[in-house]
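S.K.: Output the structure for:
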Amino acid sequence: MIAFRTRDYRVFWPAALLSNTGSWIQTATIPFVINQLTGSALWAVGFSLMSQFLPATVFGSVGGWLADRHERRNVLLVTQSAMAAVALAIWLVWTSGVRSPVALLALNTLTGVIAGMNIPAWQSFVPSLVPREHMLSAVTLNSTQFNAARALGPAIAGVLIATVGPGLAFLVNAISYLVVIGALLAIPPRPIEGHPPQGSLLAQMSDAFFYIRRNRGIALSILIVILVAGLGNPIQAFTTVFASDIYNVGSTGYGILTTSIGVGAIAGAPFLSGWGDVIPRGRLVAYSLVLYGAAVTAFGQSRIFPVGMITLAFAGMGFLAVVSATNTAVQLQVEDSKRGRVMALRIMGFTAAFPIGGLIQGAVADVIGPELTVTIAGVMLTAVAIWLFVRPELMSALDSEEAIDN
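M.R.: Prediction:
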């Protein structure tokens with residue numbers, strides 16, 4: 001918890017937790033509502049993920065370019081305010097009686113557009129809040145608050161849906177943005193080191209792409225999170241299908257299942273904070289990938305609700321470790337003047353793989369069933385994890401802590 005020694009990080013972290021909790025309340029509510037309206041895994045898993053994450057992928061390059069050209073706190077103030085407005089619009093649409101999946105997905109798409117411009121600035125802003133030697137702690141705690149929000153948000157969403165309906169869930173998300181906006185206003189601006197990028201957006205993103213190709217540790221980190229997103233992450237949306245079709249536990253059980261992922265991540269955070277600097281990152285990522293792949297496979301085969309909860313908790317542990325360790329590797333190795341664009345490409349890879357994997361798995365699930373679909377994805381992820389596990393000379397590229405300027 002070393003990062004909490006810094007005043008600005010102490011201000012930002014709890015605000016981020018509250019705001020992300022609100023975002024996860026909405027993220028959990030949208031697939032549930034779509035599933036209730038359509039009864040289709042393709043709509044609930046595939047289209048709901050595509051509507052949010054594909055636009056984030058497309059506009060991620062703009063976000064990275066903005067994050068390297070403008071003070072990142074100011075970029076966040078604009079994007080957070082815009083997402084608050086869209087969240088309020090979703091609430092207004094629902095409370096007006098509109099029950100159209102297309103309308104909800106359209107607004108969800110707008111959320112994704114703004115998120116694409118927000119996330120690179122967010123990921124670049126967090127390391128600037130602490131000294132370089134505290135970066136692993138800051139990145140890990142940032143991932144922890146995100147996963148804590150992923151635990152709290154769906155649980156709150158399940159309670160709200162079951163008691164007062166989805167409308168209040170959407171309103172809570174809109175209000176939550178005010179907290180992080182207030183925190184950002186309380187933090188002084190952070191100047192960007194080096195010279196801002198010159199030239200067109202395409203030229204600057206191409207420069208960042210070739211920079212990644214020249215740095216094996218950064219490239220490997222990005223490849224790993226793409227695999228995790230495409231093969232493993234769709235289980236988040238599949239929880240609504242398992243809750244309704246496999247376990248028959250309703251909205252409350254759905255909230256518990258999605259909460260289990262976040263609870264597992266939170267449970268694994270103290271280990272990661274305590275041993276992240278002791279165990280080489282390459283080895284830590286290899287171990288965690290095997291755990292994550294095995295947990296996804298086990299969830300696909302689970303037919304009992306408590307077993308599903310446990311397997312999802314282990315999936316949350318593996319996910320946190322992989323994402324935090326690879327994110328730290330990138331943050332330590334990237335030049336600050338390229339940080340926004342490099343993080344944007346990392347996020348674009350992740351956010352593209354997530355909905356594409358969800359769309360494919362959702363379509364396959366409508367044909368062969370969700371259990372077999374998730375199992376196949378888990379087996380594929382485990383196979384990749386084992387291959388990386390036996391390649392220590394490759395994974396050692398994640399261990400470097402030198403920023404590379406080339």
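S.K.: Please enumerate the helices of the stretch 201-350 of the chain.
M.R.: Taking DSSP state H, counting those that start in this stretch as the test, the helices found in the stretch 201-350 of the chain are 201-213, 216-227, 235-241, 250-275, 281-301, 305-333, 339-368.
S.K.: Low-confidence ranges, the stretch 101-250 of the chain, go.
M.R.: 147, 151, 194-198 (pLDDT under 70).
S.K.: right, and the helices of the stretch 201-350 of the chain - which one's nearest Thr109?
M.R.: Closest to Thr109 of the helices of the stretch 201-350 of the chain is helix 339-368 (C-beta to C-beta; 11.1 Å). (C-beta placed from N, C-alpha, C; glycine too.)
S.K.: Tell me which helix or strand comes right after that closest one.
M.R.: As assigned by DSSP states H and E, the chain's next helix or strand after helix 339-368 is helix 370-389.
S.K.: Run the angle between that following helix and helix 339-368 for me.
M.R.: Comparing the axes of helix 370-389 and helix 339-368 via axes from the mean of the first three to the mean of the last three C-alpha atoms, to 10 degrees yields an angle of 140 degrees.
S.K.: now helix 370-389: how far from the chain's centre is it?
M.R.: Counting by C-alpha atoms, centre = their mean, to the nearest Å, helix 370-389 is centred 20 Å from the centre of its parent chain.
S.K.: Next, the buried residues of that helix.
M.R.: The neighbour-count check on helix 370-389 (16 or more other C-beta atoms under 10 Å) flags 370-371, 373-382, 384-385, 388 as buried.
S.K.: what's the answer for stretch 103-113, then?
M.R.: Judged by neighbour count (16+ other C-beta under 10 Å), stretch 103-113 contains these buried residues: 104-105, 107-113.
S.K.: got the contact list for Ile226?
M.R.: Neighbour list for Ile226: 349-350, 352-353 [criterion: C-beta atoms under 8 Å, 6 or more residues apart in numbering].
S.K.: Pick out the most distant pair among those.
M.R.: Longest distance between any two of the contacts of Ile226 is 7.4 Å, between Phe350 and Ala352; criterion C-beta to C-beta.
S.K.: Hmm, which of the contacts of Ile226 is lowest in pLDDT?
M.R.: Within the set of the contacts of Ile226, pLDDT is lowest for Ala352 (81).
S.K.: dump the residue contacts of that residue.
M.R.: Ala352 makes contact with 53-54, 57, 226 under the criterion C-beta under 8 Å, 6+ apart.
S.K.: likewise Phe319?
M.R.: Applying C-beta under 8 Å, 6+ apart, the residues near Phe319 are 147, 228, 232-233, 261, 265, 292.
S.K.: Next: Lys338.
M.R.: With contact set as C-beta under 8 Å, 6+ apart, Lys338 has these partners: 68, 197, 207-208, 211.
S.K.: Compile the residues you listed into TSV and extend it with columns for neighbour count.
M.R.: Converted to TSV, those look like this (neighbours: other C-beta atoms under 10 Å):
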residue	neighbour count
Asp68	27
Pro197	20
Asp207	14
Ala208	23
Tyr211	20
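S.K.: I'd like to know which of the residues you listed is nearest to Phe242.
M.R.: Checking the contacts of Lys338 one by one against Phe242 (C-beta to C-beta), the nearest turns out to be Ala208, at 38.7 Å.
S.K.: Not counting its neighbours along the chain, what's nearest that closest one?
M.R.: With C-beta to C-beta, 6 or more residues apart in numbering as the criterion, Ala208 has its nearest non-adjacent residue at 3.7 Å, and that residue is Arg341.
S.K.: close enough to count as contact, that neighbour and Gly63?
M.R.: No - contact criterion C-beta atoms under 8 Å: Arg341 and Gly63 do not qualify, at 9.2 Å.
S.K.: Now the common contact residues for those two.
M.R.: Pro120.
S.K.: could you say what helices and strands the longest helix anywhere in the chain packs with?
M.R.: Using DSSP state H to define each element, the chain has its longest helix at helix 7-38. If you count contacts as 3 or more C-beta pairs under 8 Å, 6 or more residues apart in numbering; DSSP states H and E, helix 7-38 packs onto helix 48-58, helix 72-95, helix 101-125, helix 135-163, helix 166-185, helix 235-241, helix 250-275.
S.K.: Thanks again, I'm all set now.
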